[in-house]
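A.B. asks: structure for the following, please:
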Amino acid sequence: MPEPSAPPPAGPTVAPASIVVTGAREAVPLPLPGGTPHPDPDVIIAGIAGWVGSAPLRGLVARFGGRWPTGDLAAVLAGLDDFSGRHWDFRGGRERPEAREPDLHPATARQVRDSAAALGLVRAVPPALGRYAHVVVLGGLAHACLRRVAYAAHLLRRGVRVAGEVAVLGSFRPLSDAERRTLAGAGVDGGDTEVDALDAAVRLAFGVTRPAEEDGRDAGHPHHSWSSRTYRPAGAPPVRVLAAPSSEPERRRAHTADTQRFWAGHARLAPADEVLLVTAPIYVPFQHCDALRTLAVPYRCGIDTVGVDPALPDLTRLPEPALTPGRYLQEIRSAIRSMRALHATVAAG
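C.D. replies: Numbering: from 1, shown residues only. Sure, this is the predicted structure:
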């Protein structure tokens with residue numbers, strides 16, 4: 001893998017007004033495309049251009065031997081998608097835990113970590129508002145299910161108000177043996193699937209034992225099936241645990257965008273609703289842009305995406321696997337691809 005030390009190419013290749021000039025070691029992450037209600041397409045596009053045209057990302061492309069793509073923003077995003085697929089895709093179509101870790105020079109590894117911090121994949125930022133229409137917790141691996149649900153419960157205890165519901169979104173992805181061990185180590189019976197782990201996390205974090213309402217459809221295959229369980233904890237908004245069907249059931253399981261669209265239909269998401277999305281810091285850029293594409297643009301709602309704060313004492317018993325340079329590069333690629341999809345949606349009108 002080439003890792004030349006040449007500086008990034010000079011001169012912007014997207015509109016100069018859209019470029020954010022910043023250093024990779026700055027403490028404040030680059031802003032993501034705006035998530036305010038009734039989103040303005042021009043503001044979203046300018047936000048995408050600022051993030052992808054920034055100095056930290058340009059520096060990473062140069063470090064791995066790339067030339068900055070030429071052309072308009074769509075061409076730059078396509079070029080970065082192609083480049084990151086050749087240099088930063090360590091999954092190869094596999095699940096995230098199965099990704100390989102690249103052998104990087106220490107200087108390159110440091111640059112990757114600095115750039116990830118500047119691009120918004122490291123620092124946990126608190127919610128921007130004190131009140132939301134809904135809180136949406138995104139599923140993931142077993143440890144992530146526990147941490148994100150616990151963090152959502154923590155935010156509610158600390159005063160974040162929710163007019164609607166807390167929605168915990170997942171799929172029927174089978175748990176691995178390692179995930180089962182993680183749950184067992186935390187004293188949790190997590191069942192067989194991701195949505196089972198999320199359900200167990202809700203019962204643990206919100207102190208509930210059984211759902212008040214249940215609905216769903218068993219279609220004989222997890223890619224076609226769905227389920228919904230709604231809990232009503234005392235002194236808190238309803239908490240719905242939802243497993244979505246896949247939009248491409250012949251090819252894959254449900255992914256994040258599927259779960260968000262499926263939930264929006266159930267929740268009757270309305271224009272001007274403010275939605276707080278809870279994930280891990282490393283996934284904030286890509287999942288924020290996915291939510292803009294699947295929720296903000298079609299429903300005209302607001303999106304505020306936050307990552308779990310790892311410093312909270314009640315999360316120390318739920319450790320997260322090490323965040324390596326390879327993982328950061330993989331999720332920078334995810335952010336690029338998510339921004340490309342968002343740009344295509346917004347540009348198409």
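
A.B. asks: where does pLDDT dip in the chain?
C.D. replies: By pLDDT under 70, the weakly predicted segments of the chain are 1-27, 95, 97, 316-319.

A.B. asks: center of it, which residue is that?
C.D. replies: residue 287 (2.9 Å; Cα atoms, centre = their mean).

A.B. asks: how about the contacts made by that one?
C.D. replies: Contacts for residue 287 were tallied using Cβ atoms under 8 Å, 6 or more residues apart in numbering; they are 138, 256, 277, 279, 305, 338. For every residue, glycine as well, the C-beta is placed using N, CA and C.

A.B. asks: with neighbour count added, can I get those in a markdown table?
C.D. replies: Shown next, in a markdown table, are these (neighbours: other Cβ atoms under 10 Å):
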| residue | neighbour count |
| --- | --- |
| 138 | 24 |
| 256 | 23 |
| 277 | 28 |
| 279 | 25 |
| 305 | 28 |
| 338 | 25 |
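
A.B. asks: tabulate the residues you listed in TSV, adding columns for secondary structure and distance to residue 183.
C.D. replies: Converted to TSV, the contacts of residue 287 look like this (DSSP: H, G, I helix; E, B strand; the rest coil; distance: Cβ to Cβ, whole Å):
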residue	secondary structure	distance to residue 183
138	strand	18
256	helix	21
277	strand	24
279	strand	19
305	strand	26
338	helix	29
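
A.B. asks: between those residues, which is nearest residue 322?
C.D. replies: Comparing the contacts of residue 287 against residue 322 with Cβ to Cβ places residue 279 closest, at 18.0 Å.

A.B. asks: helices of the stretch 1-150 of the chain, residue ranges please.
C.D. replies: Along the stretch 1-150 of the chain, counting by DSSP state H, counting those that start in this stretch, helices occupy 41-52, 55-63, 73-87, 106-118, 142-157.

A.B. asks: just the CA atoms of the fourth one, as CSV, please.
C.D. replies: When you say that, I think you mean helix 106-118. In CSV, the C-alpha atoms belonging to helix 106-118 read as follows (Å, rounded to 0.1, in the frame of the first residue of the first chain):
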residue,chain,number,x,y,z
PRO,A,106,3.5,4.8,12.6
ALA,A,107,3.5,8.2,11.0
THR,A,108,0.6,7.2,8.8
ALA,A,109,-1.3,5.8,11.7
ARG,A,110,-0.9,9.1,13.6
GLN,A,111,-2.1,11.0,10.6
VAL,A,112,-5.1,8.7,10.2
ARG,A,113,-6.1,9.3,13.9
ASP,A,114,-5.6,13.1,13.7
SER,A,115,-7.6,13.2,10.5
ALA,A,116,-10.4,11.1,12.0
ALA,A,117,-10.6,13.5,14.9
ALA,A,118,-10.8,16.5,12.6
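
A.B. asks: buried stuff in stretch 99-115?
C.D. replies: Of the residues in stretch 99-115, 99, 102, 104, 108, 109, 111, 112, 113, 114, 115 count as buried by neighbour count, 16 or more other Cβ atoms under 10 Å.

A.B. asks: my guess is the fourth one contacts residue 329, does it?
C.D. replies: No: contact between residue 108 and residue 329 fails when scored by Cβ atoms under 8 Å: they sit 9.8 Å apart.

A.B. asks: now, which of the buried residues of stretch 99-115 sits nearest residue 145?
C.D. replies: residue 99 (19.2 Å).

A.B. asks: measure the closest one to residue 339 for me?
C.D. replies: Residue 99 sits 21 Å away from residue 339, going by Cβ to Cβ, to the nearest Å.

A.B. asks: re earlier: do you know which of the helices of the stretch 1-150 of the chain lies nearest residue 225?
C.D. replies: Counting by Cβ to Cβ, residue 225 lies closest to helix 142-157 out of those; the figure is 18.8 Å.

A.B. asks: hmm, who's touching the next helix or strand after the closest one?
C.D. replies: Downstream of helix 142-157, the first helix or strand assigned by DSSP states H and E is strand 161-162. The contact list for strand 161-162 (Cβ under 8 Å, 6+ apart) reads 130, 131, 132, 133, 134, 135, 156, 237.

A.B. asks: whichever of these end up buried, select them in ChimeraX.
C.D. replies: Remark: buried members of these, expressed as a ChimeraX selection using 16+ other Cβ under 10 Å:
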select :132,133,134,135,156,237
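
A.B. asks: any chance of the contacts of strand 161-162 in TSV, plus distance to residue 333?
C.D. replies: TSV is the format used below for those (distance: Cβ to Cβ, whole Å):
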residue	distance to residue 333
130	34
131	35
132	30
133	32
134	29
135	28
156	33
237	35
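
A.B. asks: what's the domain layout of the chain?
C.D. replies: Using automatic domain parsing, the domain parsing of the chain gives 16-122, 131-321.

A.B. asks: most tightly packed of these?
C.D. replies: Comparing the domains of the chain by mean neighbour count (mean count of other Cβ atoms under 10 Å), domain 131-321 ranks first with a mean of 20.

A.B. asks: give me the distance between that domain and the centre of its chain.
C.D. replies: On the basis of Cα atoms, centre = their mean, to the nearest Å, domain 131-321 sits 11 Å off its chain's mean C-alpha point.

A.B. asks: so what's residue 236 up against?
C.D. replies: 153, 156, 166, 206.
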